[in-house]
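Colleague: structure for the following, please:
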Amino acid sequence: MRLFTAARLVIRDFLRHNRTVRLLLSGALQALETFRSPAGSNAIADSLRTLALAGRLTPDSCSAGKIERDINDRLKLWSPAEFDWERFFPESASQIVQKAIILKRPVSPDEKGVLFVAFEDQWLRLLRHAAISPLARDYHLVLSPTWSPPYDLAFSIATRMWPNPLFTILSNFDDIPVFSRLFPTVRVVRLLASSWVNANTFAPDNHLVKEYDIVMLANFAAYKRHFALFRALRDMNRRTRVLLLGRPWGGRNRSTLEDEARAFGVLDRITIMEGLSDPEMIRKLQSAKVSVILSTREGACVAVVESLFANVPVGLLRGASVGSRAYINAQTGRFLRPERLSEDLTTFVAAFADYQPRRWAVQNGISCRESSDVLNSTLKSHTAQLGHAWTQDIVPMHWRPNATFLDADDVKRMKVEYHRFASAYGVRIQFPE
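Modeller: The predicted model follows:
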């Protein structure tokens, strides 16, 4: 039974990530759309969702170009009229936007405020229920997508419903040219979803004992590929100790991970901790020699930057499409060969003391305060180009696990705008306590 479980995990992962398989699946979806001429908002949305999936699957740039042209053609025809929100986005039913923060209040008719919204289901709540015309008159909207590349129905709808230039940060710097081709009205801010980590929160305790060799800070979803760590661990020293920090996701829980570790014969080397408070989680993260992320494709991956500021070097798979790979270098970690994972992990753990990830992260300004400056500068430059006023800067924020004002004085100062926002635009933004 253990052999069957292990083989199933390996085969399923191979099929999910194999270039040829992905190209065939993408081609089949494109062929399906070639013969369709959708009419009406819902049929067009169905088509856009299929094309978005084809775009995420294809590893071929020529194929991606054709998909992007088809998305552009369909998107021009879509409108919110008669769109079935419940069918496509039932999670948008709530009129409370939780993963958002007001970074600047409207100052005058010539100087807009700034609203930052992360996660697709949250900005869809805003677009579905808010009074868009007065909101767009009074606010710049900044979005934070969760995945890469940005072939996505939710983002496509946002570009159609927001009447002004829309701002977005990134899940991966490689997505910048894709945004420019797909969404010409979108203004890209050169920040990642992992750019809002508070360096002070993750300040290391230099007296902390290293209890674990390897930590993986990740939810328990299949795309995180915990099994790859278990398989590599099978060929490593039996005294190697691994800590898994995370939470259940997509029907996968502690028992799922235990079954997978058992299938590879390494359950006795694994410790799983879930639901820890922030201080507990950070201490446990810092109690490991190295941190690893073994997904082959995801968004920015905030855990990478959190590990760097915790002064724990990070290993990512060579060739992985993970946004925060931009921060991995000789000082912060290393890229691991998938075909030599056990070997590379062994040498990585042995050399953990040679890395200085926090020093590099601090020196290169990738924390929340510097990121707030980048966002402010981008918005200020845009308004200057339009000839509009910019007399007040945005307030700095950080994110853990929701957006929060970085400075205590801003909490009191901004609260009044949250009350006004709900009455003015018909949607409540959850106040960051």
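Colleague: doesn't Asn219 make contact with Arg247?
Modeller: Yes: applying C-beta atoms under 8 Å, one finds Arg247 in contact with Asn219, separated by 5.6 Å. To be clear about C-beta, it is placed using only N, CA and C from the backbone, and glycine gets the same treatment.
Colleague: all helices of the stretch 101-250 of the chain, in order?
Modeller: 120-129, 132-138, 153-161, 176-182, 226-233 (DSSP state H, counting those that start in this stretch).
Colleague: could I have the longest one exported to CSV, CA atoms only?
Modeller: I take that to be helix 120-129. Extracted as CSV, the C-alpha positions of helix 120-129 are listed here (Å, rounded to 0.1, in the frame of the first residue of the first chain):
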residue,chain,number,x,y,z
GLU,A,120,-9.4,37.9,-6.3
ASP,A,121,-12.5,37.1,-4.3
GLN,A,122,-12.1,40.3,-2.3
TRP,A,123,-11.8,42.7,-5.2
LEU,A,124,-14.7,41.0,-6.9
ARG,A,125,-16.8,41.8,-3.8
LEU,A,126,-15.9,45.4,-4.3
LEU,A,127,-16.7,45.4,-8.0
ARG,A,128,-19.9,43.5,-7.6
HIS,A,129,-21.5,45.6,-4.9
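Colleague: got the angle for it vs helix 153-161?
Modeller: Interaxial angle of helix 120-129 relative to helix 153-161 (axes from the mean of the first three to the mean of the last three C-alpha atoms, to 10 degrees): 30 degrees.
Colleague: let the chain start at 54 from now.
Modeller: Let's use 54 as the start, then, which means that last one is helix 173-182.
Colleague: and helix 173-182, how far out from the chain middle?
Modeller: Here the centre of helix 173-182 is set off from its chain's centre by 17 Å, with C-alpha atoms, centre = their mean, to the nearest Å.
Colleague: what does the second one give?
Modeller: Distance of helix 185-191 from the chain centroid (C-alpha atoms, centre = their mean) equals 27 Å.
Colleague: packing partners for it?
Modeller: Contacts defined by 3 or more C-beta pairs under 8 Å, 6 or more residues apart in numbering; DSSP states H and E place helix 185-191 against helix 461-478.
Colleague: let's go with 6 Å and repeat that
Modeller: For helix 185-191, there is no helix or strand it packs on, judged by 3 or more C-beta pairs under 6 Å, 6 or more residues apart in numbering; DSSP states H and E.
Colleague: mean confidence score for it?
Modeller: Regarding helix 185-191, the rounded mean pLDDT is 97.
Colleague: before we move on, back to that, which of the helices of the stretch 154-303 of the chain has the lowest mean pLDDT?
Modeller: Minimum mean pLDDT among these: helix 229-235, a mean of 93.
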